[in-house]
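Asks: Generate coordinates for the sequence data below:
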Amino acid sequence: MTARKFWTQCHWLLGITAGSLLLLIGLSGAVLAFREEVLDLLNPGGRHVAARAAPTATPDAFLRALSVQLPHERVGTLALYAEPGRAARAILEPRRGERRGDTVYLNPYDGELLPALQGAAFFEFAESLHRWLLLPREPGRIAAGVLAIGLLLLSLSGLYLRWPRDWRQVAAWWHVDRRLDGRALWRRLHLVAGTACLVMYVALTATGLFWSFDAVRDPVSAWLGEPRTPRATAPRPTAVTSSDTSDTSTPKRAPALASVDVAWRAFERAAQPGGWSEAIVRVPTSAKASILFTWMDTAPAHERARNRMTVRAETGEIAKDERHAAKPLGARALAAVYPLHMGSLFGLPGRIVMFLAALMLPAFTVTGWWLYLGRRKLARQAAAKRLARAA
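Replies: Numbering: from 1, shown residues only. Below you'll find the predicted structure:
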């Protein structure tokens, strides 16, 4: 078997197997591309209120308001925004057996709970499909990584099969003869569109592999100067005692939270020279704990260009101040993995390009299946003709 025939067989075999699942990955990725904009359209006023002349509430005011409105919940993180009228966001601590707590939005001026976002559950479903194929998290990310390998092989084998013997023929890659129709036209469109999407698919699969396999992520992170800390193993479940059952029957009020305002004022003073647009506060569990602020400048390079500041809760002393712009090149490259995957690293045009590339995956699956079935039909017809001539 020649190399060309081998890669042809691999291409159609991957296309009719992995391609059928990549259709779902592509559709869900296209759905997630503009999730925030769609949620804002579905929920006018859901995350924005009319701007007022009054100052916005402080972190402690938000926490007090939540303790009244949700007395049995503990706040894990609190996100505040400098944009006038933009709602604050609180992520609650997960309940027993849950991985992530609920997300609620608050009026930025008085801390009043805003209505739940319509459509949020649908996008969470789409994200679970895209990242884990609706499987449990660990096997799901491995399965998604295997599909990413499949897409990479499809892209590179397609490039190999189109590789010209003469570089003067490269311009013909983009030509679609208007006189073509039927199977010949669809094959040509499949080839031209696949070539156009090649760079995007290599970027998508490279970032997907980075997230899916620790064997890829750990050495890459270490090489770029940001070694990952070992994952903590989940504790074994303990037997349920009578006291446990009594606790679940009568919910207790969440314990009082430490004050954040002293550290918040210190953070604002330190961030003031350049200003801040978003600040995520990790709510401490004790008064003596340090508070971590993860925040972005007024004009961040992308949505993951985050600074980190650790402030002592009692005194407001800044224990650590890490700025994204001052990080080594490797650390900044790691922070850009998600924006590269989403296309937002290149602004709105990049997001649109990645959206279209994701949307093309179902088209490649359908046309690939159609071409495969057409090829099988032609082969059967040719075999029947040979038998007829032999008879």
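Asks: which phi and psi does residue 137 have?
Replies: phi -60, psi -50 (degrees, to the nearest 10).
Asks: what do you get for residue 291?
Replies: With angles defined as degrees, to the nearest 10, residue 291 sits at phi -110, psi 130.
Asks: how's this structure carved up into domains?
Replies: Using automatic domain parsing, the domain parsing of the chain gives 3-36+124-225+346-390, 49-116, 256-327.
Asks: okay, now residue 115: neighbour count?
Replies: Residue 115: 10 surrounding residues under other C-beta atoms under 10 Å. To be clear about C-beta, it is placed using only N, CA and C from the backbone, and glycine gets the same treatment.
Asks: Against residue 54, how distant is it?
Replies: From residue 115 across to residue 54, the span is 22 Å (C-beta to C-beta, to the nearest Å).
Asks: And residue 147, by the same measure?
Replies: For residue 147, the distance to residue 54 (C-beta to C-beta) stands at 51 Å.
Asks: between those two, which one's more packed in?
Replies: Taking neighbours as other C-beta under 10 Å, residue 147 and residue 54 compare with residue 147 leading, 21 against 9.
Asks: Please identify which helix or strand holds residue 280.
Replies: Taking DSSP states H and E as the criterion, residue 280 maps to strand 278-282.
Asks: Sheet partners, orientation included, of that strand?
Replies: strand 75-81 (antiparallel), strand 290-296 (antiparallel) (DSSP bridges).
Asks: now the next helix or strand after the last one: mean pLDDT?
Replies: Spelled out, that is strand 290-296. The C-terminal neighbour of strand 290-296 among helices and strands, as given by DSSP H and E, is strand 307-312. Strand 307-312 carries an average pLDDT of 96.
Asks: and strand 307-312, how far from the chain's centre?
Replies: Here strand 307-312 is found 25 Å from its chain centre; the criterion is C-alpha atoms, centre = their mean, to the nearest Å.
Asks: what helices or strands is it leaning on?
Replies: Judged by 3 or more C-beta pairs under 8 Å, 6 or more residues apart in numbering; DSSP states H and E, strand 307-312 is in contact with helix 261-271, strand 290-296, strand 318-322.
Asks: now the second one and strand 307-312, what's the angle there?
Replies: Which is strand 290-296. Relative orientation of strand 290-296 and strand 307-312, computed by axes from the mean of the first three to the mean of the last three C-alpha atoms, to 10 degrees: 160 degrees.
Asks: And the shortest one, by the same measure?
Replies: With the same axes, to 10 degrees defining the directions, strand 318-322 sits at 170 degrees from strand 307-312.
Asks: Equivalent analysis for the first one, please.
Replies: Going by the same axes, to 10 degrees, helix 261-271 is angled at 140 degrees with respect to strand 307-312.
Asks: buried stuff in helix 261-271?
Replies: Going by neighbour count (16 or more other C-beta atoms under 10 Å), the buried part of helix 261-271 is 262, 263, 264, 266, 267, 270, 271.
Asks: cool, and the last one?
Replies: By neighbour count, and taking 16+ other C-beta under 10 Å as the criterion, the buried residues in strand 318-322 are residue 318.
Asks: and the residue nearest in space to the middle of the chain, what element?
Replies: Nearest to the mean C-alpha position of the chain, by C-alpha atoms, centre = their mean, lies residue 338 at 6.6 Å. Per DSSP H and E, residue 338 falls inside helix 337-342.
Asks: now for that helix, which elements pack on it?
Replies: Looks like helix 337-342 contacts helix 198-212, helix 347-390 (3+ C-beta pairs under 8 Å, 6+ apart).
Asks: hey, which of the ones you listed is tucked in deepest?
Replies: Among these, judged by mean count of other C-beta atoms under 10 Å, the one packed with the most neighbours on average is helix 198-212 (a mean of 19).
Asks: by how many degrees do it and helix 347-390 diverge?
Replies: 100 degrees.
Asks: Run a quick neighbour tally on residue 108.
Replies: Count around residue 108 with other C-beta under 10 Å applied: 25.
Asks: surely it meets residue 86?
Replies: Yes - using C-beta atoms under 8 Å, residue 108 is in contact with residue 86, at 6.4 Å.
Asks: Look up how far residue 132 lies from the residue nearest to residue 268 when sequence neighbours are not counted.
Replies: Using C-beta to C-beta, 6 or more residues apart in numbering and skipping the chain neighbours, the partner closest in space to residue 268 is residue 276 (7.7 Å). Distance, residue 276 to residue 132, using C-beta to C-beta: 33 Å.
Asks: do residue 344 as well
Replies: Counting by C-beta to C-beta - residue 344 and residue 132 are separated by 22 Å.
Asks: follow-up on the earlier one: as CSV, the helices and strands packed on helix 337-342 with distance to residue 102 and mean pLDDT would be great.
Replies: What follows is these, written out as CSV (distance: least, C-beta to C-beta, whole Å; pLDDT from 0 to 100):
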stretch, distance to residue 102, mean pLDDT
helix 198-212, 24, 97
helix 347-390, 28, 89
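Asks: And the ones you listed: which comes nearest residue 319?
Replies: When those are compared by C-beta to C-beta, helix 198-212 sits nearest residue 319, at 30.6 Å.
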